[in-house]
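K.L.:
Okay, sequence plus prediction incoming.
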Amino acid sequence: MSALYQAHVQKGILLNANESSNEPSQMILDQIVQDLKDGHLNRYPDDQATQLVQAFAKLYDLDAKGILAGNGSDATLQIMINSLCRQDRPLVTLKPDFGMYDFYASAMQSKVYAYSTNWQGEFDVQALIQFAKDKQAGLVLFSNPNNPTGHQIDRQTLLSMAKGLDPIVLAVDEAYMDFSDQSLLDQVQSLDNVIVTRTLSKAWGLAGVRCGFLIANTKLAEQLAKWRVVYSVSTLDQIAAQAGLAHVEVKDEYVACIQQEIKRIQQQLDKVPLLKVGEMHANFYAISFVDEQGNLDLWRNVQLEKSFVQHNIQVRTWPNHERIRITIGLPQQNNLVLKLIQAN
């Protein structure tokens, strides 16, 4: 297997995995404890996660028949790759993008073709469509907003892309779309070749719950469901996820705080000479120092990485030091990060 996965470091100031730095609200915790009393943990969980799926469907005005729940959106990504990237039908994705796409495809010995984007994550849409057709792809999959660049594709472009790719399936990983406004959720179930995935790990602040959703039209969802792992969402996860979904105001408050921090962080980063900053459509941002000619200044990137290590701040770095991705944390954490960037 060519693609490998390594879990994130979980000590120090954790700004490396794009989790919420806020602890779950007491309202959600209290509801989890209350619902656990009727959890019947001696029995296997509801394999369809019926009540959980219905709660998600109601929240976003969707047809529950076209929704699959999984052990994090990672499980739903694995389902679609297992189903669609078979019989020499490869996966096409972007470079850079979420590394688990390569990992899951590699695990089943499926070919992966990555279409390179620029540093900001921008690319030629028509060229990507032709690239996927030339490779006879079974699936085109990428994150929007993109992880790690922060670049976002608008919904009209995505709809045009889906039409151009048909019958190749386009899957849009919307793990960070709660922070933005270009979602395809209201369109996906009327389209034949589009999948959207969502997670409770980011804006909902429930990364430890491990719950995500795959949304498609009923026919496609039924095809993909054949590849689900039985009982993949535990009773505990279903209870906790439903408690989170019942308090959408907690998610909305967190999103509002992140968007407020984004404005403040952008203002501060704009003052740093020779600093290249990626788009901010999620709860993270990517940065890199450049020289006077606009070339990446890898030496300064390395010095900043060392500074973060010295202050016990965990961020996402690259082996080639091309960029540093930083989760937007609590205000005091962000202040420390900004101070180190400005001093570098």
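P.N.:
That came through fine.
K.L.:
going on from the top helix by length along the chain, what's the next piece of helix or strand?
P.N.:
As assigned by DSSP state H, the longest helix anywhere in the chain is helix 248-269. Scanning forward in sequence from helix 248-269 by DSSP states H and E, the next helix or strand is strand 275-277.
K.L.:
what's that next one in contact with?
P.N.:
119, 266, 269-270, 285-290, 296, 341 (CB atoms under 8 Å, 6 or more residues apart in numbering). C-betas here are computed from N, CA, C, even on glycine.
K.L.:
Which ones among those residues map onto helices?
P.N.:
266, 269, 341.
K.L.:
who's in contact with the longest helix of the chain?
P.N.:
20, 22, 24-25, 27-28, 59, 178-179, 203-205, 244, 275, 277, 280, 283, 285, 287, 328, 331, 334, 338, 341-342.
K.L.:
can you check stretch 114-133 too?
P.N.:
92-97, 102, 113, 140, 146, 149-151, 153, 157, 160-161, 164-165, 168, 276, 278-279, 288, 322-323.
K.L.:
What's the mean pLDDT across the longest helix of the chain?
P.N.:
For helix 248-269, mean pLDDT is 97.
K.L.:
Mind listing what's buried along it?
P.N.:
250-251, 254-255, 257-258, 261-262, 265, 268-269 (16 or more other CB atoms under 10 Å).
K.L.:
Separate out the buried members of the contacts of helix 248-269.
P.N.:
20, 24-25, 28, 178-179, 203-205, 244, 275, 277, 280, 283, 285, 287, 328, 334, 338, 341.
K.L.:
burial measure for residue 211, as a count.
P.N.:
30 (other CB atoms under 10 Å).
K.L.:
who's in contact with it?
P.N.:
Neighbours of residue 211 in contact, by CB under 8 Å, 6+ apart: 52, 69-72, 199-201, 233, 237-238, 240-241.
K.L.:
What about the buried ones among the contacts of helix 248-269, which are in helices?
P.N.:
Per DSSP H, the subset of these in helices is 28, 244, 334, 338, 341.
K.L.:
By mean pLDDT, which helix or strand of this structure comes out lowest?
P.N.:
helix 100-107 (a mean of 91; mean pLDDT, DSSP states H and E).
K.L.:
Looking at the protein, which residue reaches furthest from the middle?
P.N.:
residue 292 (33.6 Å; CA atoms, centre = their mean).
K.L.:
How is this structure divided into domains?
P.N.:
13-20+249-343, 26-246 (automatic domain parsing).
K.L.:
which of these sits most buried?
P.N.:
Of the domains of the chain, the one with the most neighbours on average (mean count of other CB atoms under 10 Å) is domain 26-246, at a mean of 19.
K.L.:
Endpoints of that domain, how far apart?
P.N.:
13 Å (CA to CA, to the nearest Å).
K.L.:
thinking again about what came up before, show me what the helix or strand following the least confident helix or strand of the chain pairs with in its sheet, parallel or antiparallel.
P.N.:
Per DSSP H and E, the first helix or strand lying C-terminal to helix 100-107 is strand 112-116. Looking at strand 112-116 with DSSP bridges, its partner strands are strand 91-95 (parallel).
K.L.:
got the angle for the partner strand vs helix 100-107?
P.N.:
For strand 91-95 against helix 100-107, the angle by axes from the mean of the first three to the mean of the last three CA atoms, to 10 degrees is 140 degrees.
K.L.:
Return strand 91-95 as PDB; C-alpha atoms alone will do.
P.N.:
The C-alpha coordinates for strand 91-95 follow below in PDB (Å, rounded to 0.1, in the frame of the first residue of the first chain):
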ATOM      1  CA  LEU A  91     -10.100   7.800  -8.400                       C
ATOM      2  CA  VAL A  92      -9.300  11.300  -9.600                       C
ATOM      3  CA  THR A  93      -8.700  13.900  -6.900                       C
ATOM      4  CA  LEU A  94      -6.800  17.200  -6.500                       C
ATOM      5  CA  LYS A  95      -3.200  17.800  -5.300                       C
END
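K.L.:
Off-centre distance for that strand?
P.N.:
15 Å (CA atoms, centre = their mean, to the nearest Å).
K.L.:
Contacts for that strand next, please.
P.N.:
81, 85, 101-102, 105, 110-117, 121, 123, 128, 131-132, 135, 137-142, 146.
K.L.:
and the gap between the spatially most central residue of the chain and residue 41?
P.N.:
Central residue of the chain (CA atoms, centre = their mean): residue 175, 3.2 Å from the mean position. Going from residue 175 to residue 41 by CB to CB, to the nearest Å gives 29 Å.
K.L.:
go on, residue 232?
P.N.:
Distance, residue 232 to residue 41, using CB to CB: 16 Å.
K.L.:
cool, residue 272 as well?
P.N.:
52 Å.
K.L.:
same check, this time on residue 119
P.N.:
Counting by CB to CB, the gap from residue 119 to residue 41 is 49 Å.
K.L.:
cool, residue 31 as well?
P.N.:
Taking CB to CB, one finds residue 31 at 17 Å from residue 41.
K.L.:
ok, now residue 183?
P.N.:
With CB to CB as the criterion, residue 183 and residue 41 are 35 Å apart.
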